[in-house]
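>>> A predicted structure for the sequence below; I have some questions about it.
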Amino acid sequence: MDIQILPLTSPKSRPADESQLGFGKHFTDRMFVMEYAAGKGWHSACIQPYGPFSLDPACAVLHYAQEIFEGLKAFRREDGSIALFRAIDNVRRFNRSAARMCMPEVDEAFFHEAIRQLVRLEADWVPRSAGTSLYIRPTMIAVDPFLGVHPSDTYLCYVILSPVGAYYKGGFSPVKIWISDEYVRAALGGTGEAKTGGNYAASLKASREAAARGFDQVLWLDAEQRRYVEEVGSMNMCFVIDGKVVTSPLRGTILDGVTRRSILTLVRDLGVEVEERALAVDEIFDTIAAGRMTEAFGTGTAAVVSPVGQFTYRDRTATLGSGEVGAFTLKLYETLTGIQYGRLPDVHGWVERL
C-alpha cells in the first residue's frame, strides 16, 4: 500500500515559547490516516492536513470503547538531527493491544515507515529546547454505525503529533503517592495489558481524589486481594530493596511498558539484580522502616523516570530518604535521556535517526 501525501494549504504558526508547550496542547500541521473494512483490509493510507473527523453518532467507539492507542517520542538531538526511540516496539505493542480488543492488526513494517514519514514531514515541529520532544500518538477506533455489541467491521487508524515541553519544569523532584485500596485499575482476564482508553477512564476518579488529598499520583493494588502493587498512575513502578530492583510481573493486568523494559535493561547493565515479583503493600512500609528500601520510582513515556519520596496507605505514611532524588534513580534517568537525546552511546540499538 502506498501512502498518498496530500497538499498542505494552510500551515499553522508554531508555538513561539517552547517553555510553555505543556503536554498534548499543540498539534502539528499533518496527520497520518488509513481505513479498514472487513474483506478489504487496510486501505486509503495518506498523510493529510490535521483536522477533525466526521463520525456517525452510532459509531461503535462512542458506545463500546473499542479503541487503542500508543505513545512514543521523537527527539531533537544536539546536532539538530531527529531520532525516534524504540518506535518498532511501540508498533508491536499496538498490534498486541489490537488483538486483545478484537481489532485488525497493522502491517508493522508499513506502519513503522508511515510514522517515520510523518515525523520527517513535520520535522520543523520537533522542539529544540532542553527536555522537549515531539509526542507521537497512533490511534485506532471502531467506526461501525451499529448499536449491537460485537467487534466492528470497519476501523479508522491515525497518527497525530504534538510538541511537548520538558516534563520536570520545576526540577526533577520526588512525588507523593496515595495507595488506593478502594479503586482498582484492572483485573486478571481484563484489558490491563492493552493500551486502551477504558483503562485510563477507570483511573480518573481515584486520581481526582488523590489530587484533592494533596498527592501527585495513585498507586494501584491488585483487584483480587487489594494487597499487591501493580502500577502507579499510568506508569510502571520499581522499588530498590536490599540493593535489588523489584517490579511487578507482567501477568496481564499491567502495561508492558517500553520505558520499563529500557530501564530494567539499564539496571542490569549496571550490575544490579532485577526481581519481577509480587510486592505486598505492607512490604513497602516494612522495608522503608527497616532501611531496606532506599529508592522507588515510576517509569513511562511522558516522565521517563518519576522519583517517589513518600507513600501513604490508609493511616500510614512513609518517607524515603531525605526528600531528595536517590542517586540510583537519577543515574537511570540521566542515562536513558542521555541515550534518547544522543548525549550517550546507544549500545542496545534503541535509537533510529531520521
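That came through fine.
>>> how far is stretch 1-14 from where the chain is centred?
Taking the mean of its C-alpha atoms, stretch 1-14 sits 27 Å from the chain's own mean (Cα atoms, centre = their mean, to the nearest Å).
>>> residues making contact with it?
28-30, 32, 34, 42-43, 45-49, 107, 110, 114, 117, 121, 124-125, 163 (Cβ atoms under 8 Å, 6 or more residues apart in numbering). To be clear about C-beta, it is placed using only N, CA and C from the backbone, and glycine gets the same treatment.
>>> and residue 268, how many neighbours does it have?
Other residues near residue 268 come to 12 when the count uses other Cβ atoms under 10 Å.
>>> picking that back up, narrow the contacts of stretch 1-14 to just the buried residues.
Taking 16 or more other Cβ atoms under 10 Å as the criterion, what is buried in those is 28-30, 32, 34, 42, 45-48, 110, 114, 117, 121, 125, 163.
>>> Looking at these, spot the one nearest residue 258.
residue 114 (18.5 Å; Cβ to Cβ).
>>> Report the two of the buried ones among the contacts of stretch 1-14 separated the most.
42 and 163 (28.2 Å).
>>> Just the CA atoms of stretch 326-339, as CSV, please.
Presented in CSV, the C-alpha positions along stretch 326-339 are these (Å, rounded to 0.1, in the frame of the first residue of the first chain):
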residue,chain,number,x,y,z
GLY,A,326,18.0,9.0,45.0
ALA,A,327,21.4,8.6,43.3
PHE,A,328,20.4,5.4,41.5
THR,A,329,17.1,6.9,40.3
LEU,A,330,18.9,9.9,39.0
LYS,A,331,21.6,7.8,37.3
LEU,A,332,18.9,5.8,35.4
TYR,A,333,17.0,9.0,34.4
GLU,A,334,20.2,10.7,33.1
THR,A,335,21.3,7.5,31.3
LEU,A,336,18.1,6.9,29.4
THR,A,337,17.5,10.5,28.5
GLY,A,338,21.2,10.8,27.5
ILE,A,339,20.6,7.9,25.0
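>>> can you pull the pLDDT of the closest residue to residue 59 other than its chain neighbours?
Closest residue to residue 59 apart from its sequence neighbours, by Cβ to Cβ, 6 or more residues apart in numbering: residue 143 at 5.3 Å. You'll see residue 143 listed with a pLDDT of 98.
>>> Tell me, how many residues neighbour residue 143?
Residues near residue 143, counting by other Cβ under 10 Å: 24.
>>> Residue 310 touches residue 177, doesn't it?
Yes: counting by Cβ atoms under 8 Å, residue 310 touches residue 177, with 6.7 Å between them.
>>> For the nearest residue to residue 309 once chain neighbours are set aside, give me its contacts.
Sequence neighbours aside, residue 174 is the residue nearest to residue 309 in space, at 2.7 Å (criterion: Cβ to Cβ, 6+ apart). Applying Cβ under 8 Å, 6+ apart, we find residue 174 in contact with 307, 308, 309, 310, 320, 323, 324, 325.
>>> And residue 218, by the same measure?
177, 178, 179, 180, 183, 203, 206, 207, 210, 232, 233.
>>> just checking, the third one is part of a strand?
Yes: with DSSP: H, G, I helix; E, B strand; the rest coil as the criterion, residue 179 is part of a strand.
>>> Distance check, residue 110 against residue 89.
Taking Cβ to Cβ, to the nearest Å as the criterion, residue 110 is separated from residue 89 by 16 Å.
>>> again, but for residue 325
27 Å.
>>> Residue 41 now?
Relative to residue 89, and taking Cβ to Cβ, residue 41 is found at 24 Å.
>>> So for those two, which residue has more residues nearby?
Taking other Cβ under 10 Å, residue 41 and residue 89 do not tie; residue 89 has more neighbours (17 against 11).
>>> On the three-state scheme, that one is what?
Looking at residue 89 with three-state DSSP, the answer is helix.
>>> Show the pLDDT at it.
In this prediction residue 89 is given a pLDDT of 98.
>>> got it, and the one 10 residues further on?
At residue 99, the model reports a pLDDT of 98.
>>> ok, it - contacts?
Contacts of residue 99 by Cβ under 8 Å, 6+ apart are residue 105.
>>> Okay, it and residue 259: tell me how far apart.
22 Å.
>>> ditto for residue 157
23 Å.
>>> ok, now residue 196?
Counting by Cβ to Cβ, the gap from residue 196 to residue 259 is 18 Å.
>>> all helices for this structure, in order.
With DSSP state H as the definition, the chain shows helices at residue ranges 60-64, 87-100, 108-121, 197-201, 204-212, 258-269, 281-289, 327-340.
>>> pLDDT of the fourth one, averaged?
Pointing back at helix 197-201 there. In the prediction, helix 197-201 has an average pLDDT of 94.
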